[in-house]
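[1] this is a predicted model, with the sequence first.
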Amino acid sequence: MTDQHTHPSDLSNGTELPLDEAIIGNCVDVFAELPAESVDLIFADPPYNLQLRQELRRPNNTLVDAVTDAWDQFASFADYDDFTREWLAGCRRVLKKDGSIWVIGSYHNIYRVGAIMQDLGFWFLNDVIWVKTNPMPNFRGVRMTNAHETLIWAAKSERSRYTYNNQAAKSFNEGKQLRSDWTLPLCTGSERLRAGGRKVHSTQKPEALLERVLVVSSRPGDVVLDPFFGSGTTGAVAKRLRRHWIGIEESEEYVAAARSRIAAVVPSLTLDEVVLGNDAKKSGPRLPFRRLVEYGILKSGDTLYFLRDRSRSATVTSSGLLQCGENEGSIHQIARLYTGGSPCNGWDHWYYESPEGGLAVIDDLRRMALAMPVHAPLCEMPKIAIGHTDLFRGEPI
């Protein structure tokens, strides 16, 4: 990224894509400046038109931090439909003929959005239900808890040869075909961006959700566009997975937060390691988690964090399992405690305290261990720093 925000007027007359940039502006205006059929994948998290008419309060009369932003206010359903039709038409213009689009919404808007998508010629592939493990309850007790959101995945047309990485998708479901119900928590803890004690963005999506979207339906080097960029979750995940990204956002406050966030992201996968086609993770060498303990890369008592959330943790045991309260099991089994029982790949969901600062995914440690010489003497083993402890493969020094 450059040191300056990109504005629509800075684009090169529609002849060049502003890759890995956050563009400040209205997405409909920006679409007109971008080259036609230039984007491989779009993820859109538009305003939901929640139609909140009054304050929301908990039973103890404290105020709920609800979505009351001006960008979610529309005078009528007709106004919302016109807005939706405009930005979806812009998406269709810039999407490649074999590209695909994801749109997320709730019961407030997703049916209207879906009908307009079909009217414009998009071809539906799946609707995915994101089941929230920690939804906000209905405090007034007049309806059921709204515990899910819906994602529509669609190709540009019925003839599109869209990307679907079937083997990679299976990595999110323990080697079985990925289902269309995804159990994931809301964005909380250290992942949630805050400024002065308040949320930077009221509807920030969890990185785990975007990770699935991008791994399943794009390839390294593809261009991923987000027309409602917000706090930059799409850009952060795209950079980590080595996709190019373009973000469009009207709020300079959001863009500033997104730029800072994305600048701190270090790609954790190389092009050859991203799971595609024949699934490199499945066909490559395997390594039990306990080997990290046996090699001294991790030690008994170390803490791992689920999806970078320091409020959700587990402790490494001497036998190479994880302990969480009274529960003990593999990295995959204990991860299920935080996904409401839904299977997930623990290598991609547990994070350790990196010596460079911050949290890093434990799959980095697995690759490090696989690169070690198997029969080398202890004194020749690569030295590794985990937290504040210097280790060789073997015993702490």
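    Nice, I can see it.

[2] could you list the low-confidence segments of the stretch 51-200 of the chain?
    Applying pLDDT under 70 to the stretch 51-200 of the chain flags the ranges 51-72.

[3] and the strands in it?
    Using DSSP state E, counting those that start in this stretch, the strands of the stretch 51-200 of the chain run over 95-105, 123-132, 148-155, 181-184, 194-195, 198-199.

[4] with the stretch 201-350 of the chain instead?
    Using DSSP E, counting those that start in this stretch, the strands of the stretch 201-350 of the chain run over residues 223-226, 244-249, 303-306, 309-316, 322-324, 327-329, 350-353.

[5] listing partners with orientation, what would you give for the helix or strand harbouring residue 41?
    Element membership of residue 41 [criterion: DSSP states H and E] is strand 39-44. Next to strand 39-44 in the sheet, as set by DSSP bridges, lie strand 95-105 (parallel), strand 223-226 (parallel).

[6] related to what we said a few turns ago, is it possible to get CSV of the strands of the stretch 51-200 of the chain that adds mean neighbour count and distance to residue 87?
    In short, each C-beta sits where N, CA and C put it, glycine included. Shown next, in CSV, are those (neighbours: other CB atoms under 10 Å; distance: least, CB to CB, whole Å):
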stretch, mean neighbour count, distance to residue 87
strand 95-105, 22, 10
strand 123-132, 17, 18
strand 148-155, 21, 14
strand 181-184, 19, 25
strand 194-195, 11, 27
strand 198-199, 11, 24
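
[7] format those as CSV; extra columns: distance to residue 31.
    Shown next, in CSV, are these (distance: least, CB to CB, whole Å):
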stretch, distance to residue 31
strand 95-105, 10
strand 123-132, 20
strand 148-155, 17
strand 181-184, 29
strand 194-195, 29
strand 198-199, 28
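
[8] any idea which of the ones you listed gets closest to residue 364?
    strand 181-184 (21.6 Å; CB to CB).

[9] dump that closest one to PDB, restricted to CA.
    C-alpha atoms of strand 181-184 as PDB (Å, rounded to 0.1, in the frame of the first residue of the first chain):
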ATOM      1  CA  ASP A 181     -23.800 -24.300   7.400                       C
ATOM      2  CA  TRP A 182     -20.700 -22.600   9.000                       C
ATOM      3  CA  THR A 183     -20.600 -22.400  12.800                       C
ATOM      4  CA  LEU A 184     -18.300 -19.500  13.700                       C
END
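
[10] so what strands line up beside it?
    Looking at strand 181-184 with DSSP bridges, its partner strands are strand 123-132 (parallel).

[11] could you check the angle strand 148-155 makes with the strand it pairs with?
    Counting by axes from the mean of the first three to the mean of the last three CA atoms, to 10 degrees, strand 123-132 lies at 160 degrees to strand 148-155.

[12] rebuild the strands paired with strand 39-44 as TSV, extending it with distance to residue 131.
    Output for these, formatted as TSV (distance: least, CB to CB, whole Å):
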stretch	distance to residue 131
strand 95-105	13
strand 223-226	23
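
[13] so residue 86 makes contact with residue 32?
    No - using CB atoms under 8 Å, residue 86 is not in contact with residue 32; the gap is 10.7 Å.

[14] follow-up on the earlier one: out of the strands of the stretch 51-200 of the chain, nearest to residue 75?
    Nearest to residue 75 among those is strand 95-105 (19.1 Å), distances taken as CB to CB.

[15] contacts for the closest one?
    By CB atoms under 8 Å, 6 or more residues apart in numbering, the surrounding residues in contact with strand 95-105 are 37-46, 48, 91, 110, 113, 117, 122, 125, 130, 149-157, 159-163, 205, 213, 217.

[16] taking those residues, please make a ChimeraX selection of just the buried ones.
    Burial among the contacts of strand 95-105 is assessed by 16 or more other CB atoms under 10 Å; the matching ChimeraX selection reads:
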select :38,39,40,41,42,43,44,45,46,48,91,110,113,117,122,125,130,149,150,151,152,153,154,155,156,160,162,163,205,213,217
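
[17] follow-up on the earlier one: out of the strands of the stretch 201-350 of the chain, which comes closest to residue 233?
    strand 223-226 (8.2 Å).

[18] name the surrounding residues that touch that closest one.
    Applying CB under 8 Å, 6+ apart, the contact partners of strand 223-226 are 17, 19, 38-45, 91, 94, 214, 218, 234-235, 238, 243-248.

[19] how about 6 Å then?
    Residues outside strand 223-226 that contact it (CB atoms under 6 Å, 6 or more residues apart in numbering) are 39, 40, 41, 42, 43, 234, 238, 243, 244, 245, 246, 247.

[20] and the closest residue to the last one other than its chain neighbours, what does it touch?
    Setting aside the residues directly before and after it, residue 247 is nearest to residue 229 in space (CB to CB, 6 or more residues apart in numbering), at 3.3 Å. The contact partners of residue 229, taken as CB under 6 Å, 6+ apart, are 247, 248, 249.

[21] same question for residue 120.
    Under the criterion of CB under 6 Å, 6+ apart, the contact list for residue 120 reads 88, 92.

[22] also residue 166?
    Residue 166 touches nothing, counting by CB under 6 Å, 6+ apart.

[23] so for residue 258, which of the strands of the stretch 51-200 of the chain sits nearest?
    Proximity to residue 258 (CB to CB) singles out strand 194-195 among the strands of the stretch 51-200 of the chain, at 12.4 Å.
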